[in-house]
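Asker: Following is a predicted model, sequence given first.
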There are 2 protein chains.
Amino acid sequence: MSTTSTRSSSTDSAATRSRAERSRTVHAGLTAHDVVDAALAIVERDGGRALTMRGLASELGVTTTTIYWHVGNRDELVIALIEALAARLGTAEVVGETPAERVTDAAMNIWRNALAHRNVTALAGQVGATTLLELPLEISLLAELESAGLRGARARDAMRAILLCIAGFLVGAWRSDETVPEDLTPAALWAGVDDERVSAESLAAMGEPADLEALLAATLGAVVVGLLATASTKATASTKRESPDE
Amino acid sequence: MSTTSTRSSSTDSAATRSRAERSRTVHAGLTAHDVVDAALAIVERDGGRALTMRGLASELGVTTTTIYWHVGNRDELVIALIEALAARLGTAEVVGETPAERVTDAAMNIWRNALAHRNVTALAGQVGATTLLELPLEISLLAELESAGLRGARARDAMRAILLCIAGFLVGAWRSDETVPEDLTPAALWAGVDDERVSAESLAAMGEPADLEALLAATLGAVVVGLLATASTKATASTKRESPDE
DNA sequence: TCAAGTCTTGCACGGCGTTCAAGTGGTGTG
DNA sequence: CACACCACTTGAACGCCGTGCAAGACTTGA
């Protein structure tokens, strides 16, 4: 009785799934791939926090135990979900004329990709699987760094610096939708500052948000210039920047 | 909704004072201050994830309901905990001769403080209350930026860029203790890369960790130089040395 | 037809944040 | 002194979460 078609009427999107291909058995006809796909959809739609085993199961019209049978853990599910998105993502093309421009563009590709898939990227960051998601893009960045003359430990340090800057700006970009009491928001805190060391003009400016994309581009430009300057003599910096020791 | 069921600071001070004088009733004799203190100790010791209402209650020898009576929510407890640490923290002194050096040092103060209280800082980051924890240090940074000639929107952008870079490097510094399967760690992933665009030398270098502190100092140096260069013509940061001494 | 393997289920455990009605004991007031 | 009031504490419960176990249902090969 309770076995044949106990589709809970809550979600009908699951009923239209690919199971209709072959035998409409009493089994749900689920694949691990299906489960991962549904989980990925949930995360992309509602964020990683909304990915709960019970919710995923009910969305698929199944019990939680079925989920566990197909993909083991929740952690493993998250990893599989990140891998699925990584496989779906193609490497973006790098544009730019000078090496510095190309390096910056490869870095901005990572930024744009992270923004386009913010929920999965944030989830990957929480479990420490960022590299798993972004490896192809990071390889492109490393290639551009090598073209710019950095190799070995220097290239690694440049990668790390750029990647971590991007990570920080992503944190800033996601900070907006965090649930902080509105009287403790940065703008409110800065509005209450009264310090003789800082001007009222700057204090007032702290309230408004900034254009993070432009700011990141400018910051990365400066970082790249600095990194290339310490590496070789062909740092075509725009201004008077020089490395004292050579 | 802000101060309905919770003991806000107005009634809180009166209650704590009368109880501090004639304390230790037959009841557990708890203060909101005590609860926050214990919670702060737990977070500093075992991390924000270990802060559970039941655990905190049992550590104090009371029931969870008592916790809820003193400090309302868990979210409010976290905020209060961050505020408590912020109040306990003094502003560090900024050293350096040139404006660029002083700006960088003020920034590194934030970094060092975040490392010294990594658990609370990470928790504050998760709830979006970073500014609440670091406001005095950020004010010092803003003051140094003004001394370096940046004001208004420019100073704000400089603050944001520096702060977000620090946030990214903190993410990197904390990444080490995340529970990722060891075959999906960045080093393992890079070890499996075989791409003709990158040299084996650089590829091998990606496996080893970097000195984040030195890397951050170098990165901030470059960012500060870039920021000051775009601001005015008097950005003579030529004395800044960032020679890799190894 | 029957055994083995592949799914799927119901039920349960422990832990989490949170709420609610019911106390318990000091304290000021009549 | 009695009594109401108020600050504080408790036990029990609700609904959520991740997870494991034994058993059932269906498919498949012999």
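Answerer: Noted; the coordinates are in hand.
Asker: Only C-alpha atoms from now on, for both contacts and neighbour counts.
Answerer: Will do.
Asker: give me the number of residues near A:E196?
Answerer: Number of residues near A:E196 (other C-alpha atoms under 10 Å in any protein chain shown) recorded here: 8.
Asker: Now do the SS call for it.
Answerer: Reducing the assignment at A:E196 to three states with DSSP: H, G, I helix; E, B strand; the rest coil gives coil.
Asker: Show the pLDDT at it.
Answerer: You'll see A:E196 listed with a pLDDT of 90.
Asker: Identify the residues contacting it.
Answerer: A:E196 sits next to no residue when contact means C-alpha atoms under 8 Å, 6 or more residues apart in numbering or on different chains.
Asker: quick check: mean pLDDT across the host helix or strand of A:A217?
Answerer: Following DSSP states H and E, one finds A:A217 within helix A:212-231. Across helix A:212-231, the average pLDDT comes to 89.
Asker: and the residue lying closest to A:R151 once chain neighbours are set aside, how many residues sit next to it?
Answerer: Distances taken as C-alpha to C-alpha, 6 or more residues apart in numbering or on different chains place B:S202 nearest to A:R151, at 5.4 Å, with adjacent residues excluded. B:S202 has 20 neighbours, counted by other C-alpha under 10 Å.
Asker: Endpoints of stretch A:89-101, how far apart?
Answerer: Counting by C-alpha to C-alpha, to the nearest Å, you get 23 Å between the two ends of stretch A:89-101.
Asker: try stretch A:110-127
Answerer: So stretch A:110-127: terminal residues 18 Å apart, C-alpha to C-alpha.
Asker: related to what we said a few turns ago, so how far is the helix holding A:A217 from its chain's centroid?
Answerer: 20 Å (C-alpha atoms, centre = their mean, to the nearest Å).
Asker: Equivalent analysis for stretch A:76-93, please.
Answerer: That offset, for stretch A:76-93, works out to 11 Å (C-alpha atoms, centre = their mean).
Asker: residues in contact with that stretch?
Answerer: By C-alpha under 8 Å, 6+ apart, stretch A:76-93 touches A:36-37, A:39-40, A:71, A:109, A:120, A:124, A:129, A:132-134, A:136-137, A:140.
Asker: A:V94 in helix, strand or coil?
Answerer: Secondary structure of A:V94, per three-state DSSP, is coil.
Asker: if I look at the closest residue to it other than its chain neighbours, how far off is A:N113?
Answerer: Distances taken as C-alpha to C-alpha, 6+ apart place A:A106 nearest to A:V94, at 5.6 Å, with adjacent residues excluded. According to C-alpha to C-alpha, A:A106 stands 11 Å off from A:N113.
Asker: now A:R45
Answerer: In terms of C-alpha to C-alpha, A:R45 sits 16 Å off from A:N113.
Asker: same check, this time on A:S202
Answerer: 33 Å.
Asker: now A:N119
Answerer: Distance from A:N119 to A:N113, counting by C-alpha to C-alpha: 11 Å.
Asker: about what we covered before: within the helices and strands, which one has the residue nearest to A:V94?
Answerer: Counting by DSSP H and E, the element that carries A:A106 is helix A:99-116.
Asker: So what touches that helix?
Answerer: Contact with helix A:99-116 is made by A:92, A:94-96, A:121, A:134, A:137-138, A:140-141, A:144-145, A:147-148, A:162-163, A:166, A:170, A:217, A:220-221, A:224-225, A:228, as judged by C-alpha under 8 Å, 6+ apart.
Asker: Next, the angle from the longest helix along chain A to helix A:212-231.
Answerer: Taking DSSP state H as the criterion, chain A has its longest helix at helix A:152-174. Comparing the axes of helix A:152-174 and helix A:212-231 via axes from the mean of the first three to the mean of the last three C-alpha atoms, to 10 degrees yields an angle of 170 degrees.
Asker: contact partners of whichever helix or strand comes after helix A:152-174?
Answerer: Heading C-terminal from helix A:152-174, the first helix or strand you meet, by DSSP H and E, is helix A:186-191. The contact list for helix A:186-191 (C-alpha under 8 Å, 6+ apart) reads A:182-183, A:203-204, A:206-208, B:129, B:131-132, B:135.
Asker: buried residues in helix A:186-191?
Answerer: A:186-187, A:189-190 (16 or more other C-alpha atoms under 10 Å in any protein chain shown).
Asker: Could you export these to TSV, including columns for pLDDT?
Answerer: Output for the buried residues of helix A:186-191, formatted as TSV (pLDDT from 0 to 100):
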residue	pLDDT
A:P186	90
A:A187	90
A:L189	92
A:W190	92
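Asker: Please state the backbone phi and psi of A:G96?
Answerer: Backbone torsions for A:G96, taken as degrees, to the nearest 10, come to phi 130, psi 150.
Asker: quick one, what contacts A:L216?
Answerer: A:166, A:169, B:161.
Asker: Now for chain A, the helix or strand with the poorest mean pLDDT.
Answerer: The weakest-scoring helix or strand in chain A, judged by mean pLDDT, DSSP states H and E, is helix A:212-231 (a mean of 89).
Asker: Now that helix: buried residues?
Answerer: Buried residues in helix A:212-231, defined by neighbour count with 16+ other C-alpha under 10 Å: A:212, A:215-231.
Asker: What strand or helix carries the residue nearest the centre of chain A?
Answerer: Taking C-alpha atoms, centre = their mean, the centroid of chain A lies closest to A:T121, which sits 2.7 Å from it. Assessed by DSSP H and E, A:T121 sits inside helix A:118-127.
Asker: other SSEs contacting that helix?
Answerer: Taking 3 or more C-alpha pairs under 8 Å, 6 or more residues apart in numbering or on different chains; DSSP states H and E as contact, the helices and strands that helix A:118-127 lies on are helix A:32-46, helix A:74-88, helix A:130-147.
Asker: Tell me which of those helices is the most buried.
Answerer: Among the helices and strands packed on helix A:118-127, helix A:130-147 has the highest mean neighbour count (mean count of other C-alpha atoms under 10 Å in any protein chain shown), at a mean of 22.
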